[in-house]
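> Need coordinates for the below:
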Amino acid sequence: MDSIIFDIDGTIWNSTDVVAMAWNKALEKENLDVRVTADQLKGLFGRLLPDIAKAILPEQTKAEQLRVIDICCQAEHDLLRAMGAPVYDGLEETLKELNKRYPLFVVSNCQAGYIELVFEKTGLGKYFTGHLCPGDSGEAKAANIRSIAKKYQLKAPVYVGDTSEITRHVRRQGYHLYLLPMDSDR
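So this is what the prediction gives:
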C-alpha cells in the first residue's frame, strides 16, 4: 500500500438527509410528483448522475432527466454550502495520522464542484493530495482511480468506500478495496 483513495458520501460525510431535502425542494419547484428519501439516496449514491436521474425519473426523457438532475445538484450545492453535512466521528484525526504515512486522494462519482464543497465545509482538503470526479473528467470512478494512480505514480493504492457497486471495478484494476457499511459507527 502506497496511498489511500477515498470516496466521499458514506465515507467522509453523510449528506443524504441534506441532499434529500434539497432535491425534494427542487423537484417540487419543477412540479414533479416525485420525492426522494435519504435511505433511497444511500442506495443510489456511488452511481453516475445520469443513472441516478434515470432511477428517480424513469418516466422522463433522458434530456429531461439530465436537466432535472442538474437543477437538483445546484439545489444540493446551495443547501450544503449553507448547512454542511455531518462528518464521521474521528475522521479528521484519522486523516491526520494517515496523511503522515500516505498520500491521500478522493475519487467520487459526483458532479463538478462537489469535492471542493466538501473540503470547504469540512476543512479536510488540507489532508488530500488530489481528487477527481466525472464532473471534472467526464470519466467514471474506475477510470478516475486509474488517472489518479497514473498522475501520481501510485503503485499500490487502496480504495476506501461504502458501496459494493464499485467492488468489481476497483478489484479488476488490481487495487485493494475496503468497504465501510453506510450506517456503521466507523
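
> if I've got this straight, A75 is in a strand?
No - going by DSSP: H, G, I helix; E, B strand; the rest coil, the assignment for A75 is helix, not a strand.

> That one contacts L27, correct?
No - look at A75 against L27 with C-beta atoms under 8 Å: they stay out of range, at 9.0 Å. Placement of C-beta: from N, CA and C, glycine included.

> quick one: low-confidence parts of the protein?
Where the chain drops to pLDDT under 70, the residues are 163-186.

> all strands in it, in order from the N-terminus.
3-6, 104-107, 128-132, 157-161, 176-179 (DSSP state E).

> Which other helices and strands does the third one contact?
Translated: strand 128-132. With contacts defined as 3 or more C-beta pairs under 8 Å, 6 or more residues apart in numbering; DSSP states H and E, strand 128-132 has these neighbours: strand 104-107, helix 141-151.

> before we move on, what about the first one?
In this structure, strand 3-6 makes packing contacts with strand 104-107, strand 157-161, judged by 3+ C-beta pairs under 8 Å, 6+ apart.

> right, and those strands - which one's nearest E59?
When the helices and strands packed on strand 3-6 are compared by C-beta to C-beta, strand 157-161 sits nearest E59, at 30.7 Å.

> Send me the closest one as CSV with only the CA atoms.
Below are the C-alpha coordinates for strand 157-161, written out as CSV (Å, rounded to 0.1, in the frame of the first residue of the first chain):
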residue,chain,number,x,y,z
PRO,A,157,-3.3,2.4,-3.9
VAL,A,158,-6.1,1.2,-1.6
TYR,A,159,-9.6,2.5,-2.2
VAL,A,160,-11.9,3.1,0.8
GLY,A,161,-15.6,3.4,0.0
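
> Paired strands for it, with orientation please.
Counting by DSSP bridges, the strands paired with strand 157-161 are strand 3-6 (parallel), strand 176-179 (parallel).

> State the distance from the nearest residue to E92 once chain neighbours are set aside to A26.
Leaving aside its sequence neighbours, E92 sits nearest to L124 (C-beta to C-beta, 6 or more residues apart in numbering; 6.4 Å). Per C-beta to C-beta, to the nearest Å, L124 is found 27 Å from A26.

> Alright, calling it a day.
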